[in-house]
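1. no FASTA, just this:
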């Protein structure tokens, strides 16, 4: 009894049938093509008549793999998922972010903003509340410094310097935090800046309290007393003192009792 043949390939292209038959023959597989290859002889086009290739049943799987690999080499045959291996859902696609990235801040610009405007370093670092608190404190310190009050002057000067340092150091820390994506709330900005201003003002007050008061300016008479004649010549000393008082428009009595440097006699 002959082998049972099964269909392994169907096509409408007679040239493809010839190529497949030749491929199977080169691999030692007995194959046969069924269907007319000369449709024009019976009055029909070759493209409308189906042709098929048959091979023995025991070599059908091998023949099907050879045909698939030859005709579709760029399309590997994927095994169909079985019931034991369900298809895995495709991972969700990430949506492209449309939010623009915030620019990085430069520490050198934050340092320069300290001298450009009150609280400038914190304003540059996007710490608006901290910048306002420091700016108001600097304005108050400058006003006290310009008032000319000796008691408040040294402390105000120290507060001005301390607030500049606070703005510089705090601005650098704020710039670094901003570039690392850390943002401070308004409440935190207010609390931190108030604590900094209080510490600066308290330290300035302690330092200013230890500043010695200035020596009093000597009076004009005190400067001229060493120039007066010695204690042995009392009359010459009195006349010189009377002349100084007269130059300053102050009332005085001449040593001779006349109220003038010449005339009269000294009372007994």
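-> Thanks, I have it. Nothing here was measured: the structure is a model prediction, and the numbers come from that model.

2. CA only for contacts and neighbour counts going forward, please
-> Noted.

3. residue 8 reaches residue 51, doesn't it?
-> No - counting by CA atoms under 8 Å, residue 51 is not a contact partner of residue 8; they are 11.2 Å apart.

4. check which residues of the helix of greatest length in the chain are buried.
-> Looking across the chain with DSSP state H, the single longest helix is helix 153-179. Neighbour counts using 16 or more other CA atoms under 10 Å place 153-160, 162-164, 166-172, 174-176, 178 of helix 153-179 among the buried residues.

5. what is it packed up against?
-> Helices and strands touching helix 153-179, by 3 or more CA pairs under 8 Å, 6 or more residues apart in numbering; DSSP states H and E, are helix 107-116, helix 120-124, helix 128-146, helix 186-209.

6. low-confidence regions, the stretch 1-150 of the chain specifically.
-> Residue ranges of the stretch 1-150 of the chain with pLDDT under 70: 1-2, 36-48, 73-102, 148-150.

7. one more time with 80, if that's ok
-> Residues of the stretch 1-150 of the chain that meet the criterion pLDDT under 80 lie in 1-3, 34-49, 70-103, 148-150.

8. any chance you could map the strands in it?
-> Here the stretch 1-150 of the chain has its strands, by DSSP state E, counting those that start in this stretch, at 5-11, 32-34, 51-56.

9. most neighbours per residue, which of those strands?
-> strand 51-56 (a mean of 21; mean count of other CA atoms under 10 Å).

10. that one pairs with which strands, parallel or anti?
-> Counting by DSSP bridges, the strands paired with strand 51-56 are strand 5-11 (antiparallel), strand 32-34 (antiparallel).

11. can you tell which of those is closest to residue 140?
-> Nearest to residue 140 among the strands paired with strand 51-56 is strand 5-11 (96.1 Å), distances taken as CA to CA.

12. how about residues contacting the closest one?
-> 17, 50-57, 60, 63-64, 67 (CA atoms under 8 Å, 6 or more residues apart in numbering).

13. of all those, which two lie farthest apart?
-> 50 and 57 (21.0 Å).

14. quick revisit: and the longest helix of the chain with helix 128-146, angle?
-> 160 degrees (axes from the mean of the first three to the mean of the last three CA atoms, to 10 degrees).

15. what's the average pLDDT for helix 153-179?
-> Helix 153-179 shows a mean pLDDT of 89.

16. stretch 192-205 too?
-> 89.
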